[in-house]
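In: just need the structure, nothing else, for what follows:
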Amino acid sequence: MNRVASTARPDWVSDDLFPFESRFLDLPPDHRMHYIDEGEGEPIVFVHGNPAWSFEFRHPVRELRSEFRCVALDHIGFGLSSRSARREDHRPRSHARRLAALLDHLDLRDITLFMNDWGGPIGLDFARRHPERVKRLVIANTWCWPVGDDFHFRSFSFLMSSWIGQYLLRQHNIFVNGVMPRAVGDRSVLTPEVMAHYRGLPIESNDLGFQVHVLRGPRHRPRAGSSVSHFSGKRAHKAHFSQRRYPQAIPLARVYALLYSESFLHDFRDLPHHRAPLIDAP
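Out: Model (predicted):
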């Protein structure tokens, strides 16, 4: 199968910071999904959240492509993928369908799914529907259980759909300028050159992208022998909460829960059948 379908990239994309070939997949009704596909070997699929795009995974892709086939996509409305004014196109289930279409197109199997933020419920939808094609899950700051009664999700949905939320999104690009710097432990990595790769996006990509709906949550039943690594945030109570929830939500897998700390990479390397390259920036 021909894996190459390139087009010109906008001027604000640096070939030095994002040294990968851009590929595109046309999807119905009129979408054009951008993705990168680097290296050979067992596939690792990176699934981003909001307000990110495949640029977020440039460091792990660069480090791992010598040993693995690394695929990172841009959801519709994000990164270099096409935009859509249809609200339905920005719901998690729509993003999940298009992720599945890409993985079917590439015919990927024995997949390691790396999922961050909203990429969690999107990627786990594929895992629960196709457990025979998923070998490992790496779950970073996300969830895989119902959140219909979760105050955080309900309040967030209410705020983002309100006129205040829409004003902050459209006029101030609040996710990029406000939320992103607070979500990164070492803000020095968010250089002006890096931030230009998020601020260069049309504002619509952070407006309609990931339209918030209360999720029922995918429940993953992995194949025997699969493993799950969950990376928690800096707050210890988040890690303890996740340690309780993930074994319940994913009962057939070995679950490894790690808390980001100075010893994070050392702890990760000590896990059986896992390895972590030293990466300078997130």
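
In: other SSEs contacting the helix or strand where residue 170 lies?
Out: Per DSSP states H and E, residue 170 falls inside helix 163-172. Using 3 or more CB pairs under 8 Å, 6 or more residues apart in numbering; DSSP states H and E, the elements in contact with helix 163-172 are helix 151-161. Placement of C-beta: from N, CA and C, glycine included.

In: same question for the helix it packs on, mean pLDDT?
Out: Helix 151-161 shows a mean pLDDT of 80.

In: thinking again about what came up before, what's the angle from the helix holding residue 170 to helix 151-161?
Out: 60 degrees (axes from the mean of the first three to the mean of the last three CA atoms, to 10 degrees).

In: can I get helix 163-172 as PDB, trimmed to CA atoms?
Out: What follows is helix 163-172, C-alpha atoms only, in PDB (Å, rounded to 0.1, in the frame of the first residue of the first chain):
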ATOM      1  CA  TRP A 163     -21.200  32.800  25.900                       C
ATOM      2  CA  ILE A 164     -18.200  33.400  28.300                       C
ATOM      3  CA  GLY A 165     -16.500  30.200  27.200                       C
ATOM      4  CA  GLN A 166     -17.100  30.900  23.500                       C
ATOM      5  CA  TYR A 167     -15.800  34.500  23.900                       C
ATOM      6  CA  LEU A 168     -12.600  33.200  25.600                       C
ATOM      7  CA  LEU A 169     -12.100  30.600  22.900                       C
ATOM      8  CA  ARG A 170     -12.800  32.900  19.900                       C
ATOM      9  CA  GLN A 171     -11.200  36.100  21.100                       C
ATOM     10  CA  HIS A 172      -8.400  34.900  23.400                       C
END
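
In: quick one: residues in contact with the strand or helix carrying residue 70.
Out: Residue 70 is located in strand 69-73, with elements delineated by DSSP H and E. With CB atoms under 8 Å, 6 or more residues apart in numbering as the test, strand 69-73 has contacts from 33-48, 54, 57, 60-61, 64, 81, 99, 102, 106, 108.

In: neighbouring strands - and their directions - for that strand?
Out: Sheet neighbours of strand 69-73, with direction, are listed as strand 31-38 (antiparallel), strand 43-47 (parallel) (DSSP bridges).

In: list the contacts of the last one.
Out: So that's strand 43-47. Contacts for strand 43-47 (CB under 8 Å, 6+ apart): 54, 56-57, 60-61, 64, 68-73, 99, 103, 106, 108-116, 119-120, 122-123.

In: same thing but at 7 Å, please
Out: Under the criterion CB atoms under 7 Å, 6 or more residues apart in numbering, residues 57, 64, 68-72, 99, 103, 108, 110-115, 119, 122-123 lie in contact with strand 43-47.

In: inside helices: which ones of those?
Out: 64, 99, 103, 119, 122-123 (DSSP state H).

In: just the buried residues of the contacts of strand 69-73.
Out: By neighbour count, with 16 or more other CB atoms under 10 Å, these hold 33-39, 43-48, 54, 57, 60-61, 64, 81, 99, 102, 106, 108 as buried.

In: any weak-confidence spans in this protein?
Out: Low-confidence segments of the chain, defined by pLDDT under 70: 1-7, 144-146, 201-282.

In: can you give me the strands in it?
Out: 23-27, 31-38, 43-47, 69-73, 111-116, 134-140, 227-232, 254-259 (DSSP state E).

In: what about residue 25, how many neighbours?
Out: 17 (other CB atoms under 10 Å).

In: buried residues, stretch 129-149. List them.
Out: 131, 133-145, 147.

In: out of those, who's nearest residue 26?
Out: residue 133 (22.7 Å; CB to CB).
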